[in-house]
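Visitor: Next comes the sequence, and after it the predicted model I'd like to discuss.
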Amino acid sequence: MATKAVLADLATRVSRSGPEVVVESAGGVAVAHRLREGERADLVVLAHESIVGLAGESVVVPGSIRPLFRSEAVLAIPSDAPTPGIATRSEVIAALAAAHRIGYSTGPSGDALLLRLSEWGLRPGLEDRLVQTRPGVSVARLLADGGADIGVQQRSEFAGVDGVRVLGALPADCAITTVFTAAVLSCSTRPDAAAAVIAGLADAAYDPVVRSHGLERPQPSDGHPVYCSAR
């Protein structure tokens, strides 16, 4: 869901000079399950690790894999809540430990947060305070509706949600970064057109559009190779 707005925007732009692009957005776990169950489409955009898993199962074409977006997870609170410090890892730990309910997603940012809590030795003590959203429901919505006191999710998912205040990205030594990657589906009957759409989504001319949605383009330091062939 972190890519819902940017994909809708880019699809409109890419469709002007190529095949019409119709986007359906849903929670990443649900999308991967639907594809494994045989649902048909031409291309998919998911967290990179999910795409790699689908490639290993021959659901997507390995040579078509292309990272598109880089997303930083941020901490957020209800807009009327006191503002905790999050400039250092110690402050982040203190803010999480002080919260009565911690919202996190079913997606990669949620998985990464649970891993961080385990690394810091906090998870056993916080287990009964962790509130996972339903697939397709944002942490921002959970915070705005009073279901959590602090939350972690991709920055783009907090855009335009009233009642929520983004505190900022996690410090560098505990940052949570997700790369969202596209691939042509093996079941596609139009693999060349699908590959052309992926190339359009990756076009550097649209970098300002990507940034306007709170995302960045992947960097070499992210460690995910870029492939250009659809076959």
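Guide: Sure thing, it's come through.
Visitor: Distance of Ser156 relative to Ala76?
Guide: Per CB to CB, to the nearest Å, Ser156 is found 12 Å from Ala76. Every residue, glycine included, has its C-beta placed from N, CA and C.
Visitor: Show me which of those two is the more surrounded one.
Guide: Ala76 (27 against 23; other CB atoms under 10 Å).
Visitor: Unless I misread the structure, that one falls within a strand.
Guide: Yes. Counting by DSSP: H, G, I helix; E, B strand; the rest coil, Ala76 is found in a strand.
Visitor: these two touch, right, it and Leu142?
Guide: No. Assessed by CB atoms under 8 Å, Ala76 is found out of contact with Leu142, at 10.0 Å.
Visitor: Quick check: neighbours shared by these two?
Guide: Counting by CB atoms under 8 Å, 6 or more residues apart in numbering, the shared contacts of Ala76 and Leu142 are Gly151.
Visitor: So which residues of the chain form helices?
Guide: 4-15, 28-36, 48-56, 89-98, 108-119, 123-126, 139-144, 191-201, 207-212 (DSSP state H).
Visitor: looking at those helices, which is closest to Ser64?
Guide: helix 191-201 (5.9 Å; CB to CB).
Visitor: can you list contacts of that closest one?
Guide: 7, 10, 13-14, 17-19, 21, 42-43, 45, 61, 64, 66, 68, 182-185, 188, 228-231.
Visitor: Same question for that helix: list its buried residues.
Guide: Neighbour-count burial for helix 191-201 flags 191, 193-198, 200-201 (criterion: 16 or more other CB atoms under 10 Å).
Visitor: closest to Val164 among those residues?
Guide: Looking across those and measuring by CB to CB, the closest to Val164 is Leu201, at 27.9 Å.
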